[in-house]
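# what follows is a predicted structure for the sequence shown.
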Amino acid sequence: MPVARRGFGRWLTAVLLLVLILLEVLLLVLVFVPLPRRPLLATASVLATSWSPALAVPALLGLALAWLLRHRRGTRRRRAGWVVWIALATSTAALASALAPYAAAWRTARDLGEGLSVAGQFAGLNYSRGPERDRTLVYARVGRSRMKMDVWLPRDHALLPYRTLPRRALAHGPLLPQGRSGLALRSPRPAVVWVHGGGYESGHRSQTPRWNQWLNELGYAVFDIEYRLAPRATQLQQIGDVKCAIGWVREHASDYAIDPARIVLAGTSAGGNLALAAAYTGRDKRPRPSCETGRDTSVRAVVSFYGPTDMAGMIDAGGDGRADPRVRRFMGGSLMTASEGFRYGSPARLVRADVPPTLLLHGSHDRIVPVEQARQLNARLTTAGAEHEYVEIPWADHAFDYNWGNWGTQIARPVLARFLRLHA
């Protein structure tokens, strides 16, 4: 009986070890291997990269089980089985993969004068499945579309007309105590107009709510906007929607105790591209706002999280020689038939010395929008003498900030806070 139990124990340990080997190989592929640009694969790789320190768990468990199996087999009499050696190799690789990105991020944070928190790595998600409807209002009507935004205001924010506000605009709480009709006006605050990502075809306002909450805690009002999505609208029309929203915020600045001269435009992914394009053409006649604003649509500064900067370069961003059909769809045609869209939708082509101060944040391992896109814009801004800051986050993939606690987001938060203090 004891012999049978030992045999079963060795068999169970070997099976668990094989499962761990397969899991480690899968995670290593998701973290390091360039994969086709498919939504499911992209999501899986982003999750694996964002939580790469979690690779240490199966790695350490694999090393422990390999040692246990090798010990039980009696290494003085016979060699450990092939399962043990494969497990040692994959577990060691997984452990290195868990530690190397964090070490690189720690060096980047140190160079920026910031620190990283290991415990903060597990701060949770920064993603919402739908808009914050209690915060929603309509900022324009474009054709048959009712364009909406979610209003996020600091808890102590001073307001004027209560009737113009959504039911729940203040951070973490109701708008006003029942029976109150307004608050005393204080000094106007700066505001951030936030543009969501989603590949120009999907996404929604308040998609990354923890950025809005965090900005509220710093004292910034946030207007998290939506825009018409492809294929119903082209990228050029989406830029017009962003400009329309900026004009609305400027026009209603007094309603929200906002300083219209201190509006910062920010966005993630496709939203980062739209933010850059709208900011760099804020005083230009093209692209036109999609609604009558009556105000100029210039902004104080602009922030892009991993946004495309040259749309021609995105046609074959996967590097496999095949044109991405989605680019033609949301650009409204090819380079030949939609040349105006490719020009105005490519911030790298719009650089001048007087563009608004720009902050670019991009992951070095972005497999959706190649990091070369950000590097190209950074180089052109440097050549033009434009005021800007570029932070490349080591090992970070696309949408790294969906994990609120990972090293990329921990680096991005103080960088963004410092940039806003200087320019908002």
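On my side now, so go ahead.
# from now on I want contacts and neighbour counts done on CA atoms only, so please keep to that.
Fine.
# any idea which element Tyr390 lies in?
Assessed by DSSP states H and E, Tyr390 sits inside strand 388-393.
# sheet-wise, list the partners of that strand with their directions.
strand 358-363 (parallel) (DSSP bridges).
# what's the next secondary structure element after the strand it pairs with?
Following strand 358-363 in sequence, per DSSP H and E, is helix 371-384.
# which residues touch that following helix?
306-310, 313, 347-348, 351-353, 360, 362-365, 387-390 (C-alpha atoms under 8 Å, 6 or more residues apart in numbering).
# swap in 6 Å and give it another go.
Residues outside helix 371-384 that contact it (C-alpha atoms under 6 Å, 6 or more residues apart in numbering) are 308-309, 348, 352-353, 364.
# chain center to the one helix or strand Lys243 maps to: distance?
Here Lys243, judged by DSSP H and E, is contained in helix 235-251. Relative to its chain's centre, helix 235-251 lies at 21 Å (C-alpha atoms, centre = their mean, to the nearest Å).
# show me where the stretch 201-350 of the chain has its helices.
For the stretch 201-350 of the chain, the helices defined by DSSP state H, counting those that start in this stretch cover 209-217, 235-251, 270-280, 325-331, 339-344.
# I'd like the next helix or strand past the strand holding Tyr390.
Following strand 388-393 in sequence, per DSSP H and E, is helix 407-423.
# quick check: angle from that next one to strand 358-363?
With axes from the mean of the first three to the mean of the last three C-alpha atoms, to 10 degrees applied, the angle from helix 407-423 to strand 358-363 works out at 180 degrees.
# may I see the buried residues of helix 407-423?
Across helix 407-423, burial judged by 16 or more other C-alpha atoms under 10 Å covers 407-416, 419-420, 423.
# just stretch 245-261 next, same as before
For stretch 245-261, by 16+ other C-alpha under 10 Å, it's 245-250, 253-260.
# next: stretch 93-107.
For stretch 93-107, burial by neighbour count (16+ other C-alpha under 10 Å) applies to 93-95, 97-98, 101-102, 105-107.
# got those as a markdown table, with distance to Asn403 columns?
A markdown table is the format used below for the buried residues of stretch 93-107 (distance: C-alpha to C-alpha, whole Å):
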| residue | distance to Asn403 |
| --- | --- |
| Ala93 | 23 |
| Ala94 | 20 |
| Leu95 | 20 |
| Ser97 | 18 |
| Ala98 | 16 |
| Pro101 | 15 |
| Tyr102 | 14 |
| Ala105 | 15 |
| Trp106 | 17 |
| Arg107 | 20 |
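# out of those, which sit inside helices?
Taking DSSP state H, the ones among the buried residues of stretch 93-107 that sit in helices are 93-95, 97-98, 101-102, 105-107.
# will you turn those into CSV that also has pLDDT and distance to Pro34?
What follows is those, written out as CSV (pLDDT from 0 to 100; distance: C-alpha to C-alpha, whole Å):
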residue, pLDDT, distance to Pro34
Ala93, 80, 18
Ala94, 79, 17
Leu95, 79, 20
Ser97, 74, 16
Ala98, 75, 18
Pro101, 80, 17
Tyr102, 81, 20
Ala105, 88, 21
Trp106, 89, 24
Arg107, 93, 25
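# least confident secondary structure element in the chain?
Every helix and strand of the chain was ranked by mean pLDDT, DSSP states H and E. The lowest is helix 2-32, at a mean of 67.
# now for Val33, how many residues are close by?
11 (other C-alpha atoms under 10 Å).
# now do Val19
15.
# repeat for the one 5 residues further on
Residues contacting Glu24 under the criterion other C-alpha under 10 Å number 24.
# can you check Leu361 too?
24.
# tell me the predicted confidence for the closest residue to Phe342 other than its chain neighbours.
Computed as C-alpha to C-alpha, 6 or more residues apart in numbering, the closest residue to Phe342 that is not its neighbour in sequence is Met311, at 6.0 Å. According to the prediction, Met311 has pLDDT 95.
# now swap in Ser339 and tell me
pLDDT, Ser339: 91.
# quick one: low-confidence parts of the stretch 51-200 of the chain?
51-52, 54, 69, 71-81, 157-186 (pLDDT under 70).
# out of the buried residues of stretch 245-261, which two sit at the greatest distance?
Ala245 and Ala257 (16.9 Å; C-alpha to C-alpha).
# picking up where we left off before, return the member of the ones in helices among the buried residues of stretch 93-107 nearest to Gly271.
Of those, the one sitting nearest to Gly271 (C-alpha to C-alpha) turns out to be Ala105, at 24.9 Å.
# can you pull out the strands in the stretch 151-300 of the chain?
189-195, 221-225, 258-268 (DSSP state E, counting those that start in this stretch).
# how about those, which one is nearest Gln235?
strand 189-195 (13.2 Å).
# next, the angle from that closest one to helix 209-217.
Using the same axes, to 10 degrees: strand 189-195 against helix 209-217 is 170 degrees.
# any idea how far Gly247 is from Leu27?
46 Å (C-alpha to C-alpha, to the nearest Å).
# ugh, typo on my part, it should be Leu116
38 Å.
# follow-up on the earlier one: dump the buried residues of stretch 245-261 into TSV; add distance to Ala123 and pLDDT as well.
Formatted as TSV, these follow (distance: C-alpha to C-alpha, whole Å; pLDDT from 0 to 100):
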residue	distance to Ala123	pLDDT
Ala245	32	97
Ile246	32	97
Gly247	35	96
Trp248	34	96
Val249	32	96
Arg250	35	95
Ala253	34	93
Ser254	36	90
Asp255	35	89
Tyr256	31	91
Ala257	32	91
Ile258	31	93
Asp259	33	96
Pro260	34	96
